[in-house]
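Enquirer: Here is my input; please provide its structure:
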Amino acid sequence: QVQLAESGGGLVQAGGSLRLSCAASGRTDSSYGMGWFRQAPGKEREFVAAIRSATLYAASVTGRFTISRDNAGNTMYLQMNDLKPEDTAVYYCAAAMRSGSLRWESTYDYWGQGTQVTVSS
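Expert: Numbers count the residues shown, from 1 in each chain. Prediction:
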């Protein structure tokens with residue numbers, strides 16, 4: 001079992017920055033993939049970014065968001081710059097023990113509870 005806990009969400013003005021963290025505990029392994037997804041009100045959850053041997057980004061955040069992970073693999077970060085009102089959502093971190101595309105929700109085995117990010121215009 002792996003437990004995931006997000007932190008770092010909050011309220012920020014458009015153009016501002018936030019850094020989200022995801023702390024993993026339990027049966028952690030630096031080789032598994034980790035990702036960030038988000039869900040805005042009234043919308044389906046969508047892929048944001050992921051990291052395993054390489055990094056992946058959704059087109060909507062490329063150039064603004066940066067995903068990273070500490071050397072032990074237990075903490076993942078999402079640096080979000082130039083935030084826009086359309087980035088407002090609950091952000092979830094997830095861990096994938098299996099192979100498969102990290103863009104797909106179905107690849108992930110464990111999910112955090114989410115952290116709210118609100119960007120005001």
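Enquirer: Just the buried residues of the strand or helix carrying L11, please?
Expert: When elements are assigned from DSSP states H and E, L11 belongs to strand 10-13. When neighbours are counted by 16 or more other CB atoms under 10 Å, the buried residues of strand 10-13 are found to be V12. C-beta here means a position set from N, CA and C on the backbone, and glycine is covered the same way.
Enquirer: Dump it to PDB, restricted to CA.
Expert: Presented in PDB, the C-alpha positions along strand 10-13 are these (Å, rounded to 0.1, in the frame of the first residue of the first chain):
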ATOM      1  CA  GLY A  10      -4.500  27.800  -2.200                       C
ATOM      2  CA  LEU A  11      -5.800  31.000  -3.700                       C
ATOM      3  CA  VAL A  12      -3.600  33.000  -6.000                       C
ATOM      4  CA  GLN A  13      -4.100  35.800  -8.500                       C
END
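Enquirer: Quick check: which helices or strands does it pack against?
Expert: strand 115-120 (3 or more CB pairs under 8 Å, 6 or more residues apart in numbering; DSSP states H and E).
Enquirer: Now do the strand it packs on: which elements does it pack against?
Expert: Helices and strands touching strand 115-120, as assessed by 3+ CB pairs under 8 Å, 6+ apart, comprise strand 10-13, strand 18-26, strand 89-96.
Enquirer: Pick the most deeply packed of the ones you listed.
Expert: Counting by mean count of other CB atoms under 10 Å, strand 89-96 has the highest mean neighbour count of those, with a mean of 23.
Enquirer: got a list of contacts for it?
Expert: Here strand 89-96 makes contact (CB atoms under 8 Å, 6 or more residues apart in numbering) with 2, 4, 6, 9, 20, 22, 24, 32-40, 43, 45, 48, 52, 76, 78, 102, 105, 107-117.
Enquirer: export it as CSV, just CAs?
Expert: What follows is strand 89-96 as a C-alpha-only set of coordinates in CSV (Å, rounded to 0.1, in the frame of the first residue of the first chain):
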residue,chain,number,x,y,z
ALA,A,89,-9.4,22.8,-9.9
VAL,A,90,-8.8,20.2,-7.3
TYR,A,91,-5.4,18.8,-8.0
TYR,A,92,-4.7,15.1,-7.3
CYS,A,93,-1.5,13.2,-7.2
ALA,A,94,-1.3,9.5,-8.1
ALA,A,95,1.2,6.7,-8.2
ALA,A,96,1.5,3.9,-10.8
